[in-house]
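A.B. asks: could you look at this predicted model? Sequence included:
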Amino acid sequence: MTAFTSGKGGGVRIGELAAKTGVTPRALRYYEEMGLLRPDRTTSGQRVYGAAALERVGLIRELYAAGLGSGMISALLDVVDNPRADPDLLMSLVVERERLAERISSLRDAASRLDVLIRLVEHPETQSCPASLAVRS
């Protein structure tokens, strides 16, 4: 990861953090609003982020990419910040994992149907359109 280079006290302002993480300043403000990211403030009220913010934003992005919502991410980050066993959070994560597995299965089925259509378009003269797009072995 890239080291922070600007800002007094080793922190960076929102624009630099946005540039280093590939996240918009608006998204960083949203993360703050949701309690996912907690910047310090200068005496004039400007946000200043410490070095840990770079890694934190990366984790937040990964959790969103995994399909988690901001409420679940907030609960998870709370456990990351204050390590402890949380049976309710564990159950929620298991349910979320099952939901994600079902979604992946549906996406694989959709990709297989597209493969059938691609073969039909690539070689229309050798195949007729099937009554169903179910994958055939």
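C.D. replies: Yep, that arrived. Residues are numbered from 1 along each chain as shown.
A.B. asks: quick one: residues contacting residue 32.
C.D. replies: Neighbouring residues of residue 32 by CB atoms under 8 Å, 6 or more residues apart in numbering: 38, 39, 47. Yep, even glycine has a C-beta here, placed from its N, CA and C like the rest.
A.B. asks: and the gap between the second one and residue 54?
C.D. replies: Meaning residue 39. Using CB to CB, to the nearest Å, residue 39 is found at 12 Å from residue 54.
A.B. asks: please name the nearest non-neighbouring residue to residue 60.
C.D. replies: Leaving aside its chain neighbours, residue 60 sits nearest to residue 36 (5.4 Å; criterion: CB to CB, 6 or more residues apart in numbering).
A.B. asks: how many neighbours does the one you found have?
C.D. replies: Residues lying near residue 36 (other CB atoms under 10 Å) number 21.
A.B. asks: got the contacts of residue 32 as JSON lines, with neighbour count, distance to residue 118 and pLDDT columns?
C.D. replies: Shown next, in JSON lines, are the contacts of residue 32 (neighbours: other CB atoms under 10 Å; distance: CB to CB, whole Å; pLDDT from 0 to 100):
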{"residue": "38", "neighbour count": "13", "distance to residue 118": "48", "pLDDT": "95"}
{"residue": "39", "neighbour count": "20", "distance to residue 118": "48", "pLDDT": "96"}
{"residue": "47", "neighbour count": "21", "distance to residue 118": "48", "pLDDT": "95"}
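A.B. asks: wait, which of those is closest to residue 98?
C.D. replies: Nearest to residue 98 out of the contacts of residue 32 is residue 38 (CB to CB; 31.5 Å).
A.B. asks: SS state for residue 26?
C.D. replies: Of the three states, residue 26 takes helix according to DSSP: H, G, I helix; E, B strand; the rest coil.
A.B. asks: could you chop this structure up by domain?
C.D. replies: Per automatic domain parsing, the structural domains of the chain span 1-84, 85-137.
A.B. asks: chain center to the first one, what's the gap?
C.D. replies: Yep, that's domain 1-84 we're talking about. On the basis of CA atoms, centre = their mean, to the nearest Å, domain 1-84 is displaced by 13 Å from the centre of the chain it belongs to.
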